[in-house]
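Novice: Compute the structure for the input listed below.
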Amino acid sequence: MERIAANSVLPARREPLTLKTSDGLSLVAELALPLTATPVATIVCVHPLPTHGGMMDSHLFRKAAWRLPALADLAVLRFNTRGTTSAAGTSEGRFDAGNAEGLDLRSAVDFALDRGLPDVWVVGWSFGTDVVLRHGLLPGVRGAILLSPPLRFAEDTDLDRWAADGRPLVVMVPQHDDFLPPDAAAPHFAVVPSAQFIPVAGAKHLWVGEKYTGIVLDQIVTSVTGRPTELPSTWDGPMSKWSDL
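Specialist: All right, here's what the predicted structure looks like:
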């Protein structure tokens, strides 16, 4: 048994993709699937603010793709929103402050549904939560998970739509969030009866540290599978190490 570290990459089927948006753009993406098992659920990841370094490789989503197919039999689809660059390349288009990024999210969800991937959830982090709140109530989406929502581009009217829709909304807010800490965030999300509001003691906006990565990944698996889950911290099998960390 070897301990799973920040740069550990567990076995999966990883497929580089190009997503096509309805306005004609090509987006860089990757789908990670369990190596042999059939996925039990799917997460579509929407990354933090690209004008401040956010991308599909932002650490929580990269670790989700490295771990969750092997540890939880999840399919993990992540992509660069328009104009965003990662090691895999640059998506076409220009940053649009959470407006046209809704078309990017729709293209990712449509891809997952067209591939027959099960139980599609959308997971937004920071800027990604604004995209999800504004545009995530799509056919085929089971629910959403929000990590560090700043409510910068989303508004309370978007929360009203989630309240009326009734799909589950899991909201994880770090105790020391730089933009919207739990006490400030709670009244906004209280209007959504289906929201599960989770303040996380000690955490910051970027969820730095393996302790907080583990808390987030455990909650993602718990939410999308409906089974309380504490993922293992060791792995008995092939495991590579990513070299740029």
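Novice: For Phe179, give me the pLDDT.
Specialist: If you check Phe179, the pLDDT there is 97.
Novice: ok, which stretches of the chain are helices?
Specialist: With DSSP state H as the criterion, the chain has helices at 59-72, 101-114, 127-135, 156-165, 182-189, 210-225.
Novice: looking at those helices, which is closest to Pro48?
Specialist: Nearest to Pro48 among the helices of the chain is helix 127-135; the distance by Cβ to Cβ comes to 5.2 Å. The way it works is simple: take the backbone N, C-alpha and C, and place the C-beta from them, glycine included.
Novice: Give me the angle between the closest one and helix 59-72.
Specialist: With axes from the mean of the first three to the mean of the last three Cα atoms, to 10 degrees applied, the angle from helix 127-135 to helix 59-72 works out at 80 degrees.
Novice: Would you mind giving the orientation angle of helix 127-135 with respect to helix 156-165?
Specialist: Orientation check (the same axes, to 10 degrees): helix 127-135 against helix 156-165 gives 60 degrees.
Novice: Can you give me the pLDDT of the nearest residue to Ala190 once chain neighbours are set aside?
Specialist: The shortest distance from Ala190 to any non-neighbouring residue, by Cβ to Cβ, 6 or more residues apart in numbering, is to Phe197 (7.6 Å). The confidence metric pLDDT takes the value 98 at Phe197.
Novice: who are the neighbours in contact with the closest residue in space to His59 that isn't next to it in sequence?
Specialist: Nearest non-adjacent residue to His59, counting by Cβ to Cβ, 6+ apart: Thr213, 7.3 Å away. Neighbouring residues of Thr213 by Cβ atoms under 8 Å, 6 or more residues apart in numbering: Ala6, His59, Leu60, Lys63, Trp207.
Novice: Look up the pLDDT of Thr213 for me, please.
Specialist: Thr213 carries a pLDDT value of 98.
Novice: can you check Leu245 too?
Specialist: 50.
Novice: Could you measure from the residue nearest to Ala190 over to Ala112?
Specialist: 26 Å (Cβ to Cβ, to the nearest Å).
Novice: Which of these two has more residues huddled nearby?
Specialist: Between Phe197 and Ala112, counted using other Cβ atoms under 10 Å, the more crowded position is Ala112 (23 against 17).
Novice: residues contacting the more buried one?
Specialist: Counting by Cβ under 8 Å, 6+ apart, Ala112 has contacts Thr42, Val44, Ala75, Leu77, Val120, Gly140.
Novice: How much space separates the second one from Asn99?
Specialist: Spelled out, that is Val44. Distance from Val44 to Asn99, by Cβ to Cβ: 19 Å.
Novice: Tell me which of these two has more neighbours.
Specialist: Val44 (28 against 12).
Novice: Quick check: bridge partners of the more buried one?
Specialist: Leu77, Val122 (DSSP bridges).
Novice: quick one, what contacts it?
Specialist: Per Cβ under 8 Å, 6+ apart, neighbours of Val44: Leu77, Arg78, Leu105, Ala108, Val109, Ala112, Val120, Trp121, Val122, Val123.
Novice: On the pLDDT front, check it for me.
Specialist: 99.
Novice: can you check His59 too?
Specialist: pLDDT, His59: 98.
Novice: Who are the contact partners of it?
Specialist: His59 touches Ala6, Leu206, Trp207, Val208, Thr213, counting by Cβ under 8 Å, 6+ apart.
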